[in-house]
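Enquirer: sequence-free structure coming up:
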Ligand SMILES: *Cc1c(COP(=O)(O)O)cnc(C)c1O
């Protein structure tokens with residue numbers, strides 16, 4: 001490493017030991033990083049060719065106001081998403097406020113009273129508890145007479161195929177498959193694994209809608225779940241596909257029928273996709289999507305760096321440093337509340353915005369334990385930017401993700417390590 005950088009690292013609060021531990025961690029990561037760059041290269045071409053084939057023009061960046069009729073940029077962007085995910089159609093809107101909203105929209109619009117929803121991969125992401133009605137909640141699917149069943153993964157992380165077969169019945173209309181581990185400590189599913197699960201489910205009931213919660217998974221692999229049989233993928237634009245630039249938004253890509261259902265629910269029956277002004281967000285949606293493959297690659301490198309570093313320090317990390325990865329989240333089991341707080345403090349103080357703030361655990365809407373979050377992001381709560389969060393409960397795991405650039409992710413990790421050293425949690 002250049003002497004100039006070492007001096008800046010020192011000035012920015014890192015000790016000699018932490019800097020050299022970081023350098024040792026870097027050794028041996030080159031091959032992994034090269035593989036990630038190969039995926040990014042392919043996905044960059046995929047995005048670029050989708051934009052070219054859809055005929056994106058300068059006027060697509062202008063946006064609309066009011067009703068947003070004939071919003072060329074909005075329509076072309078949805079065509080670009082459909083090309084990237086190889087689906088019939090897509091819905092990509094700033095009116096979809098976040099990932100949970102996108103998922104709720106997909107579920108509420110494609111399920112009807114009397115239908116049953118099945119999760120064959122265990123409990124979904126915490127915020128969906130209230131959407132589904134796992135925890136009683138105003139406006140939940142349960143309130144509308146939509147029932148829910150769940151089949152957990154087997155202790156070794158495999159699908160419980162007999163259990164899934166038994167759970168699929170007359171009423172099963174939609175199966176929701178969460179790709180990323182979220183706040184669980186299971187493994188993230190690869191698109192290939194999801195493809196096998198979808199084939200199995202379709203072999204039991206061919207007309208069931210297979211939906212994938214694709215949050216954090218986009219562009220981490222050469223293929224997406226819709227390339228292997230999923231009917232619908234859903235995600236957030238303040239994660240991977242927004243490339244750090246989209247200031248809001250969510251997307252759905254899938255079968256025409258599923259997207260139409262979602263569109264008439266998001267706006268109104270009769271209006272569907274025809275309304276919804278894009279205001280001024282289209283340049284950031286397009287440019288963010290264009291940058292998303294390399295931004296996602298930077299975040300993956302950050303996750304691998306973190307996993308390697310903490311594994312070398314003796315912590316249990318998920319996924320382990322050497323295992324393949326299909327999302328950008330890295331979980332590190334810090335084992336006690338003090339260490340989790342120190343870790344988040346380090347990430348916060350490494351941020352470009354609000355670096356002087358001390359994160360504290362709070363009762364976040366939608367979560368059942370207090371959550372501590374570190375995020376000094378340009379976009380509030382953006383988790384494609386360097387961020388860490390973790391529920392204040394056993395095993396006090398920090399979920400680290402993002403970094404718009406690898407050097408920033410690396411500095412964040414070193415800063416977190418420095419805090420752990422200062423707390424006496426780690427000795428180098
Ligand atoms: C982030 C996330 C969500 C929810 O998205 P929000 O934008 O936080 O509402 C849902 N599922 C998974 C797997 C996620 O990672």
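Expert: Received it, and whenever you're ready, just let me know what you need. Just so we're clear, the structure is a prediction, and the values are computed from it rather than from any experiment.

Enquirer: what packs against the helix ranked longest in the chain?
Expert: Counting residues, the longest helix found in the chain (DSSP state H) is helix 282-312. Helices and strands touching helix 282-312, by 3 or more Cβ pairs under 8 Å, 6 or more residues apart in numbering; DSSP states H and E, are helix 16-26, helix 30-53, helix 72-84, strand 317-318, strand 330-333, strand 397-401, helix 406-422. (Each C-beta comes from the backbone N, C-alpha and C, glycine too.)

Enquirer: list the buried residues in that helix.
Expert: Residues 282, 284-311 are the ones in helix 282-312 that count as buried (16 or more other Cβ atoms under 10 Å).

Enquirer: chain neighbours aside, what residue packs nearest to the residue of the chain found nearest the ligand?
Expert: Nearest residue of the chain to the ligand, counting by Cβ to the nearest ligand atom: residue 99, 2.3 Å away. Once flanking residues are discounted, residue 99 sits nearest to residue 236: 3.3 Å by Cβ to Cβ, 6 or more residues apart in numbering.

Enquirer: just confirm the one you found contacts residue 103, I think it does.
Expert: No. Using Cβ atoms under 8 Å, residue 236 is not in contact with residue 103, being 9.0 Å away.

Enquirer: where does the chain have low pLDDT?
Expert: Low-confidence segments of the chain, defined by pLDDT under 70: 366.

Enquirer: touching the ligand at all, stretch 381-388?
Expert: No. Contact of stretch 381-388 with the ligand (Cβ under 6 Å from any ligand atom) is absent, the minimum separation being 6.6 Å.

Enquirer: and that stretch, how far apart are its ends?
Expert: Terminal residues of stretch 381-388 lie 10 Å apart, using Cα to Cα, to the nearest Å.

Enquirer: buried stuff in that stretch?
Expert: Residues of stretch 381-388 classed as buried: 382-388 (neighbour count, 16+ other Cβ under 10 Å).

Enquirer: so what touches it?
Expert: 216, 238-240, 242-244, 295-296, 299, 302, 328, 343-344, 347, 350-351, 373-379, 389, 398-404, 408-409, 412, 416 (Cβ atoms under 8 Å, 6 or more residues apart in numbering).

Enquirer: and that stretch, how far out from the chain's middle?
Expert: 10 Å (Cα atoms, centre = their mean, to the nearest Å).

Enquirer: ditto for stretch 247-260
Expert: Worked out by Cα atoms, centre = their mean, stretch 247-260 lies 16 Å from the chain centre.

Enquirer: tell me which residues of that stretch come out buried.
Expert: When neighbours are counted by 16+ other Cβ under 10 Å, the buried residues of stretch 247-260 are found to be 247-255, 258-260.

Enquirer: repeat that for stretch 134-147.
Expert: Residues of stretch 134-147 classed as buried: 134, 140-142, 146-147 (neighbour count, 16+ other Cβ under 10 Å).

Enquirer: same thing with stretch 262-276?
Expert: Applying 16+ other Cβ under 10 Å to stretch 262-276 flags 262-263, 265-267, 272-273, 275-276 as buried.

Enquirer: most widely separated two among those?
Expert: Spanning the widest gap among those are 262 and 275, at 14.0 Å by Cβ to Cβ.

Enquirer: before we move on, the earlier item: between the helices and strands packed on helix 282-312, which one is closest to residue 339.
Expert: Among the helices and strands packed on helix 282-312, the nearest to residue 339 by Cβ to Cβ is helix 406-422 (6.3 Å).

Enquirer: of the buried residues of stretch 381-388, which belong to strands?
Expert: Using DSSP state E, the members of these that fall in strands are 387-388.

Enquirer: got the residues of the chain near the ligand?
Expert: Residues of the chain found near the ligand (Cβ under 6 Å from any ligand atom) are 98-100, 103, 125, 127, 178, 180, 182, 213, 215-216, 236.
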